[in-house]
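Visitor: coords below, sequence missing:
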């Protein structure tokens, strides 16, 4: 059984999820293959991703793909782009209907083995959980994203593309004006390098 199959079969958090307000069973969403050159690190699948069985299958995904300058076909090509959140399963809702945080057990169990398998050229850190684990960022998402030049072009810290963050984007117009063009360029160059070595054809980045 390969790594993706072992993750997909994981049921370590079954009792934890059964005790949440959603009473759901684990459904790990392991969306990667060894050799992918771009790694997207998010928090954990939401309910829609849990039901769909693929990452960013929602409006947040539409916004993230727009930031990256890629279409859905390219985004979901696991030979090129890996999506490895801090927890592979939907953590469930609390009693107030809010998303629970990703269980640390998932990262402790799987994360290092996955990263050793991937060894990406470009990593996108989406949200605070990913930025704390990978960068040690403890002062919040805004500071981590503001300091994006300290990590580019190999790593880009990003806010979560949730539409609930539309206000944050309006308050920080530099993100769309400065970071997004640099991100698109890094994505295009990484894919071009990957595809040159693999013999794939990659389209031009979206305008």
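Guide: Ah, there it is. All figures in this text were calculated on a predicted structure; none of them were measured in a lab. Numbers count the residues shown, from 1 in each chain.

Visitor: Contacts only, for residue 38.
Guide: Each residue near residue 38 by C-beta atoms under 8 Å, 6 or more residues apart in numbering is listed here: 80, 81, 82, 120, 121, 122, 123, 124, 187, 190, 191, 194. C-beta coordinates here come from the backbone N, C-alpha and C atoms, glycine included.

Visitor: what bridges to the third one?
Guide: Residues in a beta bridge with residue 82, per DSSP bridges, are residue 39.

Visitor: and the gap between it and residue 94?
Guide: As judged by C-beta to C-beta, to the nearest Å, residue 82 and residue 94 stand 29 Å apart.

Visitor: out of the contacts of residue 38, which one sits closest to residue 109?
Guide: Comparing these against residue 109 with C-beta to C-beta picks out residue 82 as the nearest, at 17.5 Å.

Visitor: got the contact list for that closest one?
Guide: Contacts for residue 82 (C-beta under 8 Å, 6+ apart) come out as 31, 32, 33, 36, 38, 39, 40, 118, 120.

Visitor: Go again with 6 Å.
Guide: Taking C-beta atoms under 6 Å, 6 or more residues apart in numbering as the criterion, residue 82 is in contact with 32, 36, 39, 118.

Visitor: which SS state does residue 169 fall under?
Guide: Put simply, residue 169 is helix when judged by DSSP: H, G, I helix; E, B strand; the rest coil.

Visitor: nearest spatial neighbour of it, skipping sequence neighbours?
Guide: Using C-beta to C-beta, 6 or more residues apart in numbering and skipping residues adjacent in sequence, the residue nearest residue 169 is residue 175, 6.1 Å away.

Visitor: and if you look at residue 76?
Guide: residue 54 is the one closest to residue 76 (C-beta to C-beta, 6+ apart), at 6.7 Å.

Visitor: average model confidence for the strand or helix carrying residue 111?
Guide: Here residue 111, judged by DSSP states H and E, is contained in helix 104-118. For helix 104-118, the per-residue pLDDT values average out at 95.

Visitor: Run through who's touching the next helix or strand after that helix.
Guide: Counting by DSSP H and E, the element after helix 104-118 in chain order, helix or strand, is strand 122-126. For strand 122-126, contacts defined as C-beta under 6 Å, 6+ apart pick out 38-42, 131, 134, 155-158, 160, 186, 190.

Visitor: let's see it at 8 Å
Guide: For strand 122-126, the external contacting residues (C-beta under 8 Å, 6+ apart) are 37-43, 64, 68, 131, 134-135, 144, 153-161, 183, 186-187, 190.
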